[in-house]
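Asks: Sequence and predicted model, in that order:
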Amino acid sequence: MKEMLKMILVLSLICGLSGLTLATVRQATSQRIEEQVMTYVQGPALAQIFNDYDNNPVKDRKVFDLPDGPVTVFPSLKNGVLTGVALETFGKGYGGDIGVMVGFALDGTKLEGIGITTLKETPGLGARVVEPDYRDQFKGHTTTSIALKKQGGDITAISGATISSTGTVAAVNVAVQIFNKIKDKLPTAWGS
């Protein structure tokens, strides 16, 4: 019995130290991991949206607190003047959530474009939402009535990938709603 208690004590001590070590490592690396995700996931999507900026949108990002939760907004600045912003939203795809970075002109009347940040869609079908032929349909599009053609809009769905196309359009529409909630705060957030 004494031997069994000794083993339980030793195992408990090992588990406790392992848990403490893992928690410490996670806390120490969480900021670095977030920065890497911002640079290598959101960064390329932002480069697909904005083409005329001289800042680093990832480093200049700001978080806005909304009733539904915080929203990270990435600015496009030219000579220190805010020219556009982008934010990431998600839509339901066939293989899970599709992350869509949506760029807006500062006045909010048109889209600068979209970039796909994350997806788990079927290769050759739903994964085609990342292709320029699909993404370019959103560039310059007004922020009103964004819908697929089968729903009365003017966005052409990817053949055989209706769920992925619908999820992308849904994410864009959510981004429009969020943008409309924060648009009055944007110019002062970056001192423009």
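Replies: Received it, and whenever you're ready, just let me know what you need. Residues are numbered from 1 along each chain as shown.
Asks: Now the element after the longest strand seen in the chain, going C-ward?
Replies: Secondary structure of the chain per DSSP state E: the longest strand is strand 81-92. With elements assigned by DSSP states H and E, the helix or strand that comes after strand 81-92 is strand 97-105.
Asks: May I see the buried residues of that next one?
Replies: 98-104 (16 or more other Cβ atoms under 10 Å). Any C-beta I mention is one placed from the backbone N, CA and C, and that applies to glycine too.
Asks: follow-up on the earlier one: I'd like the mean pLDDT over the longest strand of the chain, please.
Replies: The predicted model assigns strand 81-92 a mean pLDDT of 94.
Asks: residue ranges for the helices of this protein, please.
Replies: Residue ranges of the helices in the chain, as given by DSSP state H, are 2-37, 43-49, 132-135, 162-182, 186-189.
Asks: quick one, which of those helices is nearest to L119?
Replies: Closest of these to L119 is helix 162-182, at 7.6 Å (criterion: Cβ to Cβ).
Asks: what's the longest strand of the chain packed up against?
Replies: Strand 81-92 sits against helix 43-49, strand 69-78, strand 97-105, strand 111-118, helix 162-182, helix 186-189, with contacts defined as 3 or more Cβ pairs under 8 Å, 6 or more residues apart in numbering; DSSP states H and E.
Asks: Could you find the closest non-adjacent residue to the residue nearest the centre of the chain?
Replies: For the chain, the residue sitting closest to the mean C-alpha position, by Cα atoms, centre = their mean, is E88 at 2.9 Å. Using Cβ to Cβ, 6 or more residues apart in numbering and skipping residues adjacent in sequence, the residue nearest E88 is M101, 4.9 Å away.
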